[in-house]
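Enquirer: need a 3D model of the following:
(3 chains)
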Amino acid sequence: MSDINAPLDPEGFLLHLEDWTPEIAQHIAQQEGITLTPAHWEIITSLQTFYKTFDLAPAMRPLSKYIASTLGKEKSGSIYLLKLFPGSPAKYGAKIAGLPKPENCL
Amino acid sequence: MEAQTHIAQYDLLFIFSHSPYGSSLGREGLEAALAAGAFDQNMAIIFMGEGLWQLKSEQDTASAQRKNHQKMTSALPMFGIDALYAQASGLDERQLDLSDFYLAAKPVSDATIGVLIRQAKQVLSF
Amino acid sequence: MTLHIVSQNNPLALKNCLAVAAADDALMFINDGVYALATHAALAKRPLIYALEEDIKARGLTLSQTVNRIHYRQFVALSCEYNPVQSWY
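Expert: Residues are numbered from 1 along each chain as shown, chains lettered A, B, ... in the order given. Presented below is the predicted three-dimensional model:
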């Protein structure tokens, strides 16, 4: 945790997206037991674009809808996303992408 | 009264009647609506009176250093919230028309708004 | 039928309320909303106009005879009788 040289919230989410680097993403992913693959990176990029477009971190439903319209339907399903980010794609995806924790997300 | 059967019924109806930056109501209402949308509610939003300004396009808050209401409101369709109504009389009063908006909204008469409210299970006003 | 509640003396809120309230809807004026009732004489001509007695008295207002002045208990009963309840502010 101390390796991330950027301010974090108590749950380890970056406070400022500008601080985000791919190295930080790797680091957070490692903490969460996730090994990043190209499939992860395209979701991470989508999450960041979503955040810049709508000024909010998406919960599962909008994330899925957005992925369907950008990367295609086969990548928007919860099974696909849960395989990449087990437990909660919206939460762990946001964390690795440098977004704040999505609201309505336990 | 017969027309009532043709007007949709919603479990949750939001009424947005305040401008986006004059108070915190616009933002609070939007956050509540997005939260409801994330849980897949049968819902709609009516923009009326000063609330119509929320849909005005080309909001640029960079110099005002405020959260951009347009950006977040644009996410409504991503949350499955597509039933958006705009008060027709309010549009006329403000010399607005639907082409001034960044989201598609359906213009409705005051009488229809009354029926939408009456038929709703729950109304939330912001 | 809808119960419309007006709780502020705000011309825009009152305008929105009157635009959509049907003839058989009830209008309830509370808090500073009773000022709106005192200053818009035409309002009292509508049927089903209610105002909270405590709030009228506190502000020293005299209202038209046609306004139904009710207490909190009756306000609660009214809220149960009508559905939905819509607040304008």
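Enquirer: tell me the SS of the residue lying closest to residue C:39 once chain neighbours are set aside?
Expert: Using CB to CB, 6 or more residues apart in numbering or on different chains and skipping the chain neighbours, the partner closest in space to residue C:39 is residue C:9 (7.7 Å). For glycine as for every other residue, the C-beta is placed from the backbone atoms N, C-alpha and C. What DSSP: H, G, I helix; E, B strand; the rest coil gives for residue C:9 is coil.
Enquirer: might you report the residue contacts of residue C:9?
Expert: Residue C:9 sits next to C:32-33, C:35-36, C:39 when contact means CB atoms under 8 Å, 6 or more residues apart in numbering or on different chains.
Enquirer: quick one: the helices in chain A?
Expert: For chain A, helices defined by DSSP state H occupy the ranges A:22-31, A:38-54, A:60-70, A:78-84, A:89-97.
Enquirer: quick check: angle from the last one to helix A:38-54?
Expert: Using axes from the mean of the first three to the mean of the last three CA atoms, to 10 degrees, the direction of helix A:89-97 lies 90 degrees away from that of helix A:38-54.
Enquirer: hmm, back to that, any of the contacts of residue C:9 buried? List them.
Expert: Buried members of the contacts of residue C:9, counted by 16 or more other CB atoms under 10 Å in any protein chain shown: C:33, C:35-36.
Enquirer: show residues contacting stretch B:108-125.
Expert: By CB under 8 Å, 6+ apart, the surrounding residues in contact with stretch B:108-125 are B:3-4, B:7-15, B:17, B:29, B:32, B:44, B:46, B:48, B:85-89, C:1-2, C:19-22, C:25, C:84-89.
Enquirer: my bad, stretch A:77-92
Expert: With contact meaning CB under 8 Å, 6+ apart, stretch A:77-92 is reached by A:32, A:34, A:37, A:39-40, A:43, A:57-60, A:63-64, A:67, A:74-75, A:93, A:96, A:101-102, A:105-106.
Enquirer: longest helix of chain B?
Expert: The helix spanning the most residues in chain B, taking DSSP H as the definition, is helix B:25-38.
Enquirer: relative to helix A:89-97, how tilted is it?
Expert: 120 degrees.
Enquirer: so is helix B:25-38 next to chain A?
Expert: Yes - applying CB under 8 Å from any CB of the partner chain, one finds helix B:25-38 in contact with chain A at B:31, B:34-35, B:37-38.
Enquirer: how about low-confidence regions in the chain?
Expert: You didn't say which chain, so I picked chain A. A:1-2, A:104-106 (pLDDT under 70).
Enquirer: oops, chain C please
Expert: The model of chain C has no residue with pLDDT under 70.
Enquirer: show me the helices in it, by range?
Expert: C:11-20, C:33-39, C:53-58, C:72-81.
Enquirer: how far off centre is the shortest one?
Expert: In other words, helix C:53-58. In terms of CA atoms, centre = their mean, to the nearest Å, the centre of helix C:53-58 is found 13 Å from the chain centre.
Enquirer: closest to chain C among the residues of helix B:25-38 next to chain A?
Expert: Within the residues of helix B:25-38 next to chain A, the smallest distance to chain C is 17.9 Å, found for residue B:31 (CB to the nearest CB).
Enquirer: what sits against the residue nearest the centre of chain A?
Expert: Here the mean C-alpha position of chain A is nearest to the C-alpha of residue A:93 (CA atoms, centre = their mean), at a distance of 2.1 Å. Residues near residue A:93 by CB under 8 Å, 6+ apart: A:43-44, A:47, A:63, A:81, A:84-85.
Enquirer: try 10 Å
Expert: A:34, A:40, A:43-44, A:46-47, A:50, A:57-58, A:60, A:63, A:81, A:84-85, A:99, A:102 (CB atoms under 10 Å, 6 or more residues apart in numbering or on different chains).
Enquirer: which among the residues you listed gets closest to residue A:15?
Expert: Of all those, the one sitting nearest residue A:15 is residue A:99; the distance, using CB to CB, is 10.8 Å.
Enquirer: my guess is the closest one meets residue A:17, correct?
Expert: Yes - contact criterion CB atoms under 10 Å: residue A:99 and residue A:17 qualify, at 6.5 Å.
Enquirer: compare these two (neighbour count), which wins?
Expert: Neighbours were counted for residue A:99 and for residue A:17 using other CB atoms under 10 Å in any protein chain shown; residue A:99 has more, 24 against 14.
Enquirer: excluding its backbone neighbours, what's nearest the more buried one?
Expert: Per CB to CB, 6+ apart, closest to residue A:99 is residue A:57, 4.1 Å.
Enquirer: fine by me, thanks again.
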